[in-house]
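A.B. asks: Quick one, structure for this:
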Amino acid sequence: MDKLKQRAKEKGIKTSENVQYDQSAYDPYMEMDEDEGLMELELSSASDFYNKDVVMELYNDGLLVQTAYFDSNVIAMRTDSKVNPRPVYHDDKGKIYGYDDKEGHYISMKMLPSASMGFMTAGLTTQVYKLPQGPYFNALKALEGVNSGLNFLILEMAFIYNTSHFQNNESYIPENVTCNGSNNCIRFNYNFPDYPGSYIQFDDQDRLNELYINSTSGSFKDEPKGKFVFYYKDCTVELPDAVEQSLVPGPLGKLIPLEKGLEPWKHNKKDKQKN
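C.D. replies: Purely as a prediction, here's the structure:
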């Protein structure tokens, strides 16, 4: 992030001083603690991890504003929004698909390699939503090994967390509640003073059921309350035909493919030879 800001400053592009990322949130050499529900994941393919269809609804101030559909067969997500007439799509390689009204077709863009996108998402998500970081980075590490990543924003929590990650943790207070017609659901109420009323909830099958966030901290200041509700039912997502576009528009985008990182000329030997 600091490198991006410095490059922008050199080019005379104004950047926000409020955009920060705490790199200390992730220790790449973190050991998995079995007492906290963490065990090394062993995956033969991304399908081993993304093994069920999920629907996720987002409510702000009690109003449904967005619905995401995840198809485990294609490992892709479609997001329908009240403010966007056409869906936005994500795949497990880090590509985002959005409709270009001027061009009249979908374009796809890969901002960073899949692992890098997952790294940033996991770091920011665990910090902002006050979630245990171990399970997120455990999943990211395993997915890297099968050429996939964490690129589905909040919905991927349905594949990461279960009750074992919150039990015996003084930051979360367990409570038995009723959900989906069962009185065996477990809600973990946040024990953070700047997250009043916030909780994460699991159904009687140990599946993520709800995440409610209400924060008075800087991360959510002036933002509405938000609740994510998860359902587990069959979904069909078809990625649209799209024209791939570089992060940098115009001819420069062809010369500097930022999807290879901040220093693309170091990506592989062929690139070095060309330069």
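
A.B. asks: three-state assignment of Ser47?
C.D. replies: Of the three states, Ser47 takes helix according to DSSP: H, G, I helix; E, B strand; the rest coil.

A.B. asks: Is it in contact with Ser72, as I believe?
C.D. replies: Yes. The pair Ser47 / Ser72 is scored as a contact, 6.9 Å apart, by C-beta atoms under 8 Å. The C-beta positions use only the backbone N, C-alpha and C, and glycine is treated the same way.

A.B. asks: of these two, who's got more company?
C.D. replies: Set Ser47 next to Ser72 and count neighbours by other C-beta atoms under 10 Å: Ser72 wins out with 18 against 14.

A.B. asks: if I look at the more buried one, how far off is Asn51?
C.D. replies: Look at Ser72 and Asn51: by C-beta to C-beta, to the nearest Å, they are 6 Å apart.

A.B. asks: just the helices in the stretch 1-150 of the chain please.
C.D. replies: For the stretch 1-150 of the chain, the helices defined by DSSP state H, counting those that start in this stretch cover 2-10, 46-49, 114-128, 133-144.

A.B. asks: hey, least reliable of these by pLDDT?
C.D. replies: Lowest mean pLDDT of the helices of the stretch 1-150 of the chain: helix 2-10, a mean of 47.

A.B. asks: Touching, Leu43 and Glu144? I think so.
C.D. replies: No. If you go by C-beta under 8 Å, Leu43 and Glu144 don't touch, sitting 9.8 Å apart.

A.B. asks: ok, the residue nearest to Pro87 when sequence neighbours are not counted - contacts?
C.D. replies: Computed as C-beta to C-beta, 6 or more residues apart in numbering, the closest residue to Pro87 that is not its neighbour in sequence is Arg78, at 4.8 Å. Contact analysis of Arg78 by C-beta atoms under 8 Å, 6 or more residues apart in numbering lists 68-69, 71, 87-89, 237.

A.B. asks: Nearest to Ser164 among those residues?
C.D. replies: Ala68 (25.1 Å; C-beta to C-beta).

A.B. asks: Name the residues linked to the closest one by a beta bridge.
C.D. replies: Met56, Thr79 (DSSP bridges).

A.B. asks: Read off the pLDDT value for it.
C.D. replies: The model reports Ala68 with a pLDDT of 97.

A.B. asks: Report the backbone C-alpha coordinates of stretch 139-159 in PDB.
C.D. replies: C-alpha atoms of stretch 139-159 as PDB (Å, rounded to 0.1, in the frame of the first residue of the first chain):
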ATOM      1  CA  ALA A 139      -7.600 -21.200   4.500                       C
ATOM      2  CA  LEU A 140      -5.600 -18.700   2.300                       C
ATOM      3  CA  LYS A 141      -2.400 -20.700   2.700                       C
ATOM      4  CA  ALA A 142      -4.200 -24.000   1.700                       C
ATOM      5  CA  LEU A 143      -5.900 -22.400  -1.300                       C
ATOM      6  CA  GLU A 144      -2.600 -20.900  -2.600                       C
ATOM      7  CA  GLY A 145      -1.400 -24.500  -2.800                       C
ATOM      8  CA  VAL A 146      -4.100 -25.300  -5.300                       C
ATOM      9  CA  ASN A 147      -3.800 -22.100  -7.400                       C
ATOM     10  CA  SER A 148      -6.900 -20.500  -5.900                       C
ATOM     11  CA  GLY A 149      -7.600 -17.900  -3.300                       C
ATOM     12  CA  LEU A 150     -10.100 -16.000  -1.100                       C
ATOM     13  CA  ASN A 151     -11.800 -13.600  -3.500                       C
ATOM     14  CA  PHE A 152     -15.400 -13.700  -2.500                       C
ATOM     15  CA  LEU A 153     -15.500 -10.900   0.100                       C
ATOM     16  CA  ILE A 154     -17.700 -11.700   3.100                       C
ATOM     17  CA  LEU A 155     -19.400 -14.700   1.600                       C
ATOM     18  CA  GLU A 156     -16.200 -16.800   1.900                       C
ATOM     19  CA  MET A 157     -16.700 -16.700   5.700                       C
ATOM     20  CA  ALA A 158     -19.200 -19.500   5.200                       C
ATOM     21  CA  PHE A 159     -16.400 -21.800   4.200                       C
END
